[in-house]
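Engineer: dropping a prediction and its sequence here:
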Amino acid sequence: MKRMILLAALAVTMPAFAAPPAALSPADVKTLIAPPSKGVRVVALWALDCAYCEENLSALARWQHQHADVDLVFVATDSVGQRDLLSARLKAAGLDAVPSRAYADATPDRINYLIDPTWGGETPRTLVIRADGTRKAFSGALDAGRIASLMN
Amino acid sequence: MSRLSFLASLLLAGITSVHAEDMHGMAMGHEAPLGFDATIDKDGHLWVVDTLGEHVRARRSDDMGRSFAVSTIVNPTGEPIYAEGENRPKIALGPKGELYVTWSQPRKLPWTGFVRFSRSLDGGAHFDAPTTVHADRAEITHRFDSLAVDGKGNIVVAWIDKRDVEAARKLGKPYLGAATYYSWSTDRGAHFAPERKIVDESCECCRIALARAPDGSIDAFFRAIYGDNIRDHAFATLPVGGTSPKVERATFTQWHIEGCPHHGPSLSIDEKGTRHAVWFSAADGKATIWYGQLTPGAPPSHLTTIATAGASHADLLADGTHVWIAYHQMSPAGLDLVLRESTDGGTTFSEPRQIAHTANESGWPKLVLWNHRAFVAWNPEGQFRLVPTEALQ
């Protein structure tokens, strides 16, 4: 019985998406960047080598907490083969409750291009997609002020 | 002998699997990383380094990459290795047939690494046990190594180093990016000099380009930080011994980004001392590969847009008045290996020409020279090949 309670407690405290990053294949990109049915989808691209990326992900996660209409997804440009390392990095930064993907390719260039052909692959990169189909993108770390101007 | 090498490979396979178990859960690197480097020796043998799990592999081809006559594991005792993107293993040749190899070894904490070195003095039959190039052993970034041999046979290794970031943090002082350091060996890699700083506050995620000047010295061209996160490039000659390098700004694209470009430059210096270079910038949101001739301290001359959206990882080689630029060009159909060529010393370039294609992926292209002919080393889907640059007539 005690074990049952413990399991139940664990289930409750587990964040909804504390799973390793799911693979993002080239075929998945179309759905990832499709306009949401309502609100705003924010695709936050990051990389293990990028020392600016975690602060960017944190700033976006904080923004999402205050804005219920924001659908946020983290996408690592590193290969999903590094899912354990990616997962550990997100968990250590307290960011593992956000849905997360990682590239299914060994080099990022193809999926970078499919997401945004004008993007050179620099990170962090934040893509804002609205329900009306309009898009905005920004390269570099965002703070609350910059997020606000990107969203408007 | 063949039985012996079979036994050796079995033994090696055993070592690999033991370490794979040790590293379980750390997942250091992709299962099949594509990072490689290549060069051609004075006898026309092609040398290629890449990785097999936790091992760096050096191979020699006597038929321009069609097959490999020699394949030697550089580090029989496995260790984690960065082998992707800007962090590939490197190979350089000494004047007496020495083979020098460097790579970056990830440590346990994020963004940490050591620069590792090994050499072969017997034509690649075996390599010495790897050593760590830098005296500093703090668990911080010493990564993104670059390797070159100067005109006297001295080895020069440069890398990105975060010791000054840590020192600034302890003092509560701001510090942008990381520092760039280098060291050298005057005894064929038996010892390396205590490392020396090239510059503070440079970019922390782009490979460093090294090239030999006509006087035999090694010049560095790398992404630095100017003002508030303007990520342009610096140029410095790296003295072996003597004085500290003089570092001067060499590109002026004014690209502002608080982030990681993941695109290092390339440099090649012709017999007259003209410094031909390519670099990447996305100033004003326009991803561009630029060509220019560096005049450190002032903007480059002969600025040319080589490629724009979807282009990446350009490599450059100069020989006399011939300049070749090879780069990756993505399209909805896949990845093209594209060449632009100048026969007038970089004044004008040919239109872009696709010289190879893959529907999948490849490590970054590397130009190599043999008898004044250029070839592009490439490994689409992990299959190494040497692509000729000459157009079919």
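Structural biologist: Structure received.
Engineer: residues in contact with the residue nearest to residue B:136 when sequence neighbours are not counted?
Structural biologist: What sits nearest to residue B:136 in space, not counting adjacent residues and going by Cβ to Cβ, 6 or more residues apart in numbering or on different chains, is residue B:163, at 5.6 Å. For the C-beta atoms, the positions are set from N, CA and C on the backbone; glycine is no exception. Applying Cβ atoms under 8 Å, 6 or more residues apart in numbering or on different chains, one finds that residue B:163 lies in contact with B:136, B:138, B:140, B:179.
Engineer: just the buried members of the residues you listed?
Structural biologist: Among the contacts of residue B:163, those buried by neighbour count (16 or more other Cβ atoms under 10 Å in any protein chain shown) are B:140, B:179.
Engineer: check the contacts of residue B:163 and tell me the two furthest apart.
Structural biologist: Taking every pair in those and measuring Cβ to Cβ, the maximum separation is 12.7 Å, between B:138 and B:179.
Engineer: near chain A, which residues of the stretch 51-200 of chain B? Just list them.
Structural biologist: Among all residues of the stretch 51-200 of chain B, those adjacent to chain A (criterion: Cβ under 8 Å from any Cβ of the partner chain) are B:84-87, B:110-111.
Engineer: repeat that with 7 Å
Structural biologist: Contact residues, the stretch 51-200 of chain B versus chain A (Cβ under 7 Å from any Cβ of the partner chain): B:85, B:110-111.
Engineer: of these - the most surrounded one?
Structural biologist: With neighbours taken as other Cβ atoms under 10 Å in any protein chain shown, the top of these is residue B:85, carrying 28 neighbours.
Engineer: for it, helix, strand, or coil?
Structural biologist: Put simply, residue B:85 is coil when judged by DSSP: H, G, I helix; E, B strand; the rest coil.
Engineer: nearest spatial neighbour of it, skipping sequence neighbours?
Structural biologist: Nearest in space to residue B:85, with sequence neighbours left out and distances taken as Cβ to Cβ, 6+ apart, is residue B:262 at 6.4 Å.
Engineer: again with residue A:132
Structural biologist: The shortest distance from residue A:132 to any residue that is not its chain neighbour, by Cβ to Cβ, 6+ apart, is 7.0 Å, and that residue is residue A:35.
Engineer: ok, the one you found touching residue A:133?
Structural biologist: Yes. Between residue A:35 and residue A:133 a contact is recorded at 4.7 Å, counting by Cβ atoms under 7 Å.
Engineer: out of these two, which sits in the more crowded spot?
Structural biologist: For the pair residue A:35 and residue A:133, the greater number of neighbours falls to residue A:35 (14 against 8), based on other Cβ under 10 Å.
Engineer: and the more buried one, how far from residue B:170?
Structural biologist: Look at residue A:35 and residue B:170: by Cβ to Cβ, to the nearest Å, they are 47 Å apart.
Engineer: quick one: name the residues of chain A near chain B.
Structural biologist: Proximity of chain A to chain B (Cβ under 7 Å from any Cβ) is limited to residues A:47, A:49-52, A:79, A:81-85, A:89, A:105-107, A:109-110, A:113, A:117-124, A:139-141.
Engineer: just the buried members of those?
Structural biologist: With neighbours counted by 16+ other Cβ under 10 Å, those contain buried members at A:47, A:49-52, A:79, A:81-83, A:85, A:89, A:105-107, A:109-110, A:113, A:119-124, A:139-141.
Engineer: in strands only, show me these.
Structural biologist: The subset of these located in strands under the criterion DSSP state E comprises A:79, A:139.
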